[in-house]
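Q: Quick one: sequence and predicted model below, then my questions.
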Amino acid sequence: MTTHIDGNAVASEIRDELTDAIETLASEGSRPGLATVLMGDDPASQTYVSMKQRDCEEVGIEPHHVDVDGDAPADELFDTIETLNDDPDVHGYLVQAPVPDHVDYRQVIRRIDPLKDVDGFHPENVGRLVAGDARFRPCTPHGVQKLLEATGVETEGKDITIVGRSDIVGKPLANLLIQKADDGNATVTVCHSRTADLASKTRNADVVVAAVGVPELIDGSMISEDTVVIDVGVNRVDADTEKGYELVGDVDFDSVEPKASAITPVPGGVGPMTRAMLLYNTVKAASLQTGIDVDL
Ligand code: NDP
């Protein structure tokens, strides 16, 4: 029997656990605050930002939001960042990617106060993560670790193949999983578009994490029996639905599921975990900035 890993259920438990910490902070006059910044009017980004706002409201985090005109000079966005760095009510914030082409996203990230960098993308936070002293684990990799833990999958001594080497998923996840830690100690192979014989790398793994952005790239022929399969991918493909599309992962669920020992669905797998871990990082940021100890 293949375990279907329920990301919504695990995320809901994490959110429940955060509620106590949020109330502790609030009772001491420091309700955690999360700000989202959106430059431009990309519809998908608008949806992501409003979901993050709603998540905050549901757990008692104070949401803040700033819109910046998509045609404004980069300096206007940088001024917004300065203001948020100085705002004591905002404990964490993120600038929703992608930003318009005339803005250098790396410059954006470098300007964010590392103590408020709840995405965990600032070079100081990336360095700390690599050094084994993470302040904020990036939300998606952290969510994947929590899903494995909740499913009872020990990572120690396991061969884990990650397909994808992005700065937000593949690289940080690889760094976390090789650390000398209870939720690390794995032997990690990181694959990308130039990897020769991808299937041999995925077939050799106890755990496969797909973070590619190519619909259903990983099929049953690429997976060995009893593999744990975590599908990070979210891809819109044309479909005969009301919206004209459906969401599919990077894993061909129908051919992989019968061979896997456990698998995440899309949607309802990694996505809700990413959102929950953003709330987690916001609570952690509030605790770090106020010096109020909370149980996380
Ligand atoms: P990126 O486009 O930044 O990175 C994709 C990676 O996949 C790259 O390393 C690329 O290689 C590699 N790749 C592309 N094609 C192939 C191929 N044919 N074989 C092997 N490797 C390949 O994507 P992200 O990491 O940002 O996102 C990956 C997916 O995860 C997307 O579908 C995205 O929507 C989803 N996502 C989901 C989240 C969630 O919460 N569920 C959060 C974040 C992302 P190379 O480096 O050589 O180009």
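A: All right, it came through fine.
Q: Can you show me the strands along this structure?
A: For the chain, strands defined by DSSP state E occupy the ranges 3-4, 33-39, 62-68, 92-95, 159-163, 187-191, 207-210, 228-231, 235-238, 245-248, 262-263.
Q: Go ahead and name everything in contact with the second one.
A: Surrounding strand 33-39, the residues in contact under the criterion CB atoms under 8 Å, 6 or more residues apart in numbering are 45-46, 49, 52-53, 56, 61-70, 72, 77, 80-81, 84, 87, 89-96, 99-100, 103, 118, 278-279, 282, 286. Where C-beta positions appear, they are placed from N, C-alpha and C, glycine not excepted.
Q: start to end distance for stretch 188-196?
A: The first residue of stretch 188-196 is 16 Å away from its last residue (CA to CA, to the nearest Å).
Q: Okay, buried residues for it please.
A: 188-191, 195 (16 or more other CB atoms under 10 Å).
Q: for stretch 35-49, same thing?
A: Applying 16+ other CB under 10 Å to stretch 35-49 flags 35-40, 42, 45, 48-49 as buried.
Q: From the chain's centroid, how far away is it?
A: Relative to its chain's centre, stretch 35-49 lies at 16 Å (CA atoms, centre = their mean, to the nearest Å).
Q: Please work out the average pLDDT along it.
A: Across stretch 35-49, pLDDT averages out at 96.
Q: what do you get for stretch 200-219?
A: Mean per-residue pLDDT for stretch 200-219: 98.
Q: Contacts for it, please.
A: 140, 144, 148, 153, 155, 158-164, 166, 169-170, 173, 186, 189, 191, 195, 222-224, 227-233, 235, 237, 248-253, 255-256.
Q: can you narrow the residues you listed to ones near the ligand?
A: Applying CB under 6 Å from any ligand atom to these, one finds that 140, 163-164, 166, 169-170, 191, 195, 232-233, 235 fall near the ligand.
Q: In a markdown table: the residues you listed, plus pLDDT and distance to Arg111.
A: Below are these laid out as a markdown table (pLDDT from 0 to 100; distance: CB to CB, whole Å):
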| residue | pLDDT | distance to Arg111 |
| --- | --- | --- |
| Thr140 | 98 | 23 |
| Val163 | 99 | 32 |
| Gly164 | 98 | 27 |
| Ser166 | 98 | 21 |
| Val169 | 98 | 23 |
| Gly170 | 98 | 25 |
| Cys191 | 99 | 33 |
| Thr195 | 98 | 34 |
| Val232 | 98 | 28 |
| Gly233 | 98 | 30 |
| Asn235 | 96 | 31 |
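Q: Drop anything exposed from those.
A: Those of those that meet the buried threshold are 140, 163-164, 169-170, 191, 195, 232-233, 235, by 16+ other CB under 10 Å.
Q: Disregarding flanking residues, what is the spatial nearest neighbour of Ala210?
A: Closest residue to Ala210 apart from its sequence neighbours, by CB to CB, 6 or more residues apart in numbering: Asp250 at 3.9 Å.
Q: Am I right that that neighbour is in contact with Val229?
A: No. Applying CB atoms under 8 Å, one finds Asp250 not in contact with Val229, separated by 10.0 Å.
Q: Comparing those two, which shows the higher neighbour count?
A: Val229 (26 against 23; other CB atoms under 10 Å).
Q: can you give me the helices for the protein?
A: 7-27, 43-59, 74-86, 105-111, 123-130, 139-150, 170-177, 198-203, 253-256, 270-290 (DSSP state H).
Q: Go through the third one and flag the buried ones.
A: Applying a neighbour-count criterion of 16+ other CB under 10 Å, one finds 74, 77, 80-81, 84 buried in helix 74-86.
Q: Mind putting the helices of the chain into JSON lines with distance to Thr264?
A: JSON lines is the format used below for the helices of the chain (distance: least, CB to CB, whole Å):
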{"stretch": "helix 7-27", "distance to Thr264": "6"}
{"stretch": "helix 43-59", "distance to Thr264": "19"}
{"stretch": "helix 74-86", "distance to Thr264": "33"}
{"stretch": "helix 105-111", "distance to Thr264": "28"}
{"stretch": "helix 123-130", "distance to Thr264": "23"}
{"stretch": "helix 139-150", "distance to Thr264": "7"}
{"stretch": "helix 170-177", "distance to Thr264": "14"}
{"stretch": "helix 198-203", "distance to Thr264": "15"}
{"stretch": "helix 253-256", "distance to Thr264": "9"}
{"stretch": "helix 270-290", "distance to Thr264": "6"}
